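Asks: Provide a 3D model corresponding to the input given below.
(chains A and B)
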Number of protein chains: 2
Amino acid sequence: MVNGTAAGGGYELALATDHIILADDGSAAVSLPEVPLLAVLPGTGGLTRVVDKRKVRRDHADFFCTIEEGIKGKRAVAWRLVDEIAPNSKLEAKIAERAREFAAGSKRNGSGKGVSLAPLSRTIDETSVCYGFVSVDIDRAARIATISIKAPEAAPPADIDGVVAQGAAFWPLQVARELDDAILHLRINETEIAMLVFKSHGEAAHVLAGDAILEANKAHWLVNEIRHYWKRVLKRIDVTSRTLVTLVEPGSCFVGTLAELVFAADRSYMLIGSRQGDNRPPPSLQLTAMNFGPYPMSHGLTRLQSRFQADPADVETAKDRIGSSIEAEDAEALGLITFALDDIDWDDEVRVFFEERTSFSPDSLTGMEANLRFVGPETMESKIFARLTAWQNWIFQRPNAVGEEGALRRYGTGVKARFDMTRV
Amino acid sequence: MVNGTAAGGGYELALATDHIILADDGSAAVSLPEVPLLAVLPGTGGLTRVVDKRKVRRDHADFFCTIEEGIKGKRAVAWRLVDEIAPNSKLEAKIAERAREFAAGSKRNGSGKGVSLAPLSRTIDETSVCYGFVSVDIDRAARIATISIKAPEAAPPADIDGVVAQGAAFWPLQVARELDDAILHLRINETEIAMLVFKSHGEAAHVLAGDAILEANKAHWLVNEIRHYWKRVLKRIDVTSRTLVTLVEPGSCFVGTLAELVFAADRSYMLIGSRQGDNRPPPSLQLTAMNFGPYPMSHGLTRLQSRFQADPADVETAKDRIGSSIEAEDAEALGLITFALDDIDWDDEVRVFFEERTSFSPDSLTGMEANLRFVGPETMESKIFARLTAWQNWIFQRPNAVGEEGALRRYGTGVKARFDMTRV
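Replies: Here you go, the predicted structure:
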């Protein structure tokens, strides 16, 4: 909800909100930036929000997007560009009134004591970022960051009161916050890293017990918030412009919520059996209710629905296996992983893949990965955040394409392009 | 349906077909061009066809799109990259077998005499293209092409036998062919033209009578073909990277099928009442069954459904008006046109719009128009042909953006960008 005259970036910000009040001093207008197209193009996010989110009619949008002086007052309302207008004298009262209405309509009922979200405990050095349950190891030469997630050492609380008492220390909440922070840190501060490799370790039974709490208490306000938090963290991973790989090895705990990291990956590798000299049991996956609904991608499908679009019955087949331990060849047959490899092949296959992948044009990978991740239908949200965002994001304008040593300049010459390996 | 080893562009071609047979000599493989991403990126059309059309699983697609040697034999089938493999010795027999099967499954029953599609009668000179019912006037200084469509001079045949007897001269078929040809001619040969302006003239009753035949005989093979032909022509207009404008003036006949040109336009203007000194009646629109189903856009919605996404009830309101004559202010209230203007304002409003629009960056318009036209859901088809195609189509790499005089170089300098006005 915003108010006041909103031109350019101001209106783009307003488009991100749920309710727009235009303060009507008689001349207030809304307009998009970069109009009238004499400079560069309004971003696709702004255009999409106008027609797909606010459902402004396409010909009205055509007019609006090309008029520098913007649209005023009643026409702005009639064309759905704003929700309402209010005279300046009544603006504050109108804002308060709308705020009360929206608050009253919220499903969050306002009861409950709340949980204090203390700052995360984090230590950063040259090659690592360490949190309580999440750690990141950075191999700068290889341009790979390995994100390891540790299962809780103890079983979760027996009841919801115990969860509330743990608060921010409740494992699913703490891991969601740590993972979110780690992904954002890598995206912003480690642009030369080409690939994120997810690993996990620890007691799978404790992760499963956490999922059981998240499912059994989903109507509870705190659990509801944690489920939505995980949904958003996983969506953030989906739109991360790095190659995502998940390695399922002995001692790992990719079960339930954590198994989403297997399905979010561009590729996953799982070891068949055990490694020579390692007496841990073969790795296994396990599915829970959390893989079948609460964590939709931006286009509205779960990662398994998106994965199994060729035959939706495969989702049902997977669902029937909730609770059973699924080893590598079984997981490959069910379509849950990309490759099941045995101990003899693992090291070479994974090494060659890593080396090859990190040599590719980072911009090309940004486009390709975004195209392949968001298969199937599109929603307003995916239209803004998914495939097109990667493609419009200057891929073809960057030096890797059009620079002196770029791919388009050198294509066909026999000389290899040289890439700036920074990911956008 | 293709056969044989298909690498690079060959496999992209195969992806456009409905059935892929891989001739298995033991080493045949399919692969995408520009792999392994050391050069440029495989096009989004190829990537989208792999995952959205053939429904190859995203992690399999990730592997396939980055492996130079391609995917062979059984894995190509298991991963859905091809439909089947056939040994070379049995390939011809297999192709014949599949061709028979597909032919047998066709809803076209093969009966009927067929209609001869004689070459269109077309005359081209420096400023015009003339067909029987369609004419194009080109104003090179203004960079505008006006496409006029003439209603038939006589009523259509009374029954389907008469339609078959007219064959290619049946007005709806002839106009579809002429309009298709005109659009393609303009797209390919007149790249400096910024705007297509649709006009129509003639006896609306004859156009309506043609629509009535197309609806009453939709199960007839020829009528079925004509309806699909119009569907494709209108889709081609939707993806034409020129500003589309429809002017509804006295004497026009934008009814039924031709009214789709009002809804396909980026903007439409309709005159209120008559012009001074013109004794023709005020222009009116009329809707028919053809506006409510047979001509879906590439994303599966009719143009009216796409137009009225804010409130689907508006589609029903329009449907209730089938058969009634709708003048300008009524049409504006129903949302069928962008602006209703009276005689006093018309000339100035239209002139200013034309002048301003043709001064904008053509690449920016390509992106903006594609974004606004394809509002709402996306389908496999729209993913390939609609919005993203415009955006990835080098908008940001072209000289208008990054050239010495381009918008991105000059942005913020106070010096206006100079554009190459050629539309892509």
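
Asks: where do the strands of the stretch 201-350 of chain A begin and end?
Replies: All strands of the stretch 201-350 of chain A, identified by DSSP state E, counting those that start in this stretch, fall at A:243-248, A:267-272, A:284-285, A:326-327, A:339-342.

Asks: just put these in a markdown table and tack on mean pLDDT.
Replies: What follows is those, written out as a markdown table (pLDDT from 0 to 100):
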| stretch | mean pLDDT |
| --- | --- |
| strand A:243-248 | 97 |
| strand A:267-272 | 98 |
| strand A:284-285 | 98 |
| strand A:326-327 | 98 |
| strand A:339-342 | 97 |
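
Asks: looking at the ones you listed, which is nearest to chain B?
Replies: strand A:267-272 (4.9 Å; Cβ to the nearest Cβ). Heads up, the C-betas are built off the backbone N, CA and C, glycines and all.

Asks: quick one on the thing from earlier: mean neighbour count and distance to residue A:261 added to the strands of the stretch 201-350 of chain A, as TSV?
Replies: Shown next, in TSV, are the strands of the stretch 201-350 of chain A (neighbours: other Cβ atoms under 10 Å in any protein chain shown; distance: least, Cβ to Cβ, whole Å):
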stretch	mean neighbour count	distance to residue A:261
strand A:243-248	25	5
strand A:267-272	24	9
strand A:284-285	25	11
strand A:326-327	20	15
strand A:339-342	18	16
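
Asks: is it possible to get CSV of those strands that adds distance to residue B:384?
Replies: Formatted as CSV, the strands of the stretch 201-350 of chain A follow (distance: least, Cβ to Cβ, whole Å):
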stretch, distance to residue B:384
strand A:243-248, 24
strand A:267-272, 24
strand A:284-285, 34
strand A:326-327, 35
strand A:339-342, 29
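
Asks: contacts only, for the closest residue to residue A:338 other than its chain neighbours.
Replies: Residue nearest to residue A:338 in three dimensions, not counting chain neighbours: residue B:59, with 4.1 Å by Cβ to Cβ, 6 or more residues apart in numbering or on different chains. Residue B:59 makes contacts with A:265-268, A:307, A:338, as judged by Cβ atoms under 8 Å, 6 or more residues apart in numbering or on different chains.

Asks: quick one: least confident helix or strand in chain A?
Replies: helix A:387-392 (a mean of 63; mean pLDDT, DSSP states H and E).

Asks: neighbouring strands for the host helix or strand of residue A:137, and are they parallel or not?
Replies: Residue A:137 is part of strand A:134-139, with elements assigned from DSSP states H and E. Sheet pairing here is set by DSSP bridges, and for strand A:134-139 it gives strand A:128-130 (antiparallel), strand A:144-150 (antiparallel).

Asks: export the longest one as CSV, just CAs?
Replies: Spelled out, it's strand A:144-150. The C-alpha coordinates for strand A:144-150 follow below in CSV (Å, rounded to 0.1, in the frame of the first residue of the first chain):
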residue,chain,number,x,y,z
ILE,A,144,32.5,-24.1,-6.4
ALA,A,145,30.7,-23.5,-3.1
THR,A,146,29.6,-26.5,-1.2
ILE,A,147,26.6,-25.9,1.1
SER,A,148,26.3,-28.6,3.8
ILE,A,149,23.3,-28.9,6.0
LYS,A,150,23.5,-30.7,9.3
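
Asks: who's in contact with that strand?
Replies: A:133-139, A:175, A:179, A:182, A:186, A:190, A:193-202, A:253, A:258, A:261, A:354, A:358.

Asks: and stretch A:265-276, by the same measure?
Replies: A:198, A:243-250, A:262, A:280-283, A:285, A:327-329, A:331-332, A:337-343, A:346, A:349-350, A:353, A:369, A:372-373, B:58-59, B:62-63.

Asks: cross the contacts of strand A:144-150 against helices and list the overlap.
Replies: Residues of these located in helices (DSSP state H): A:175, A:179, A:182, A:186, A:261, A:354.
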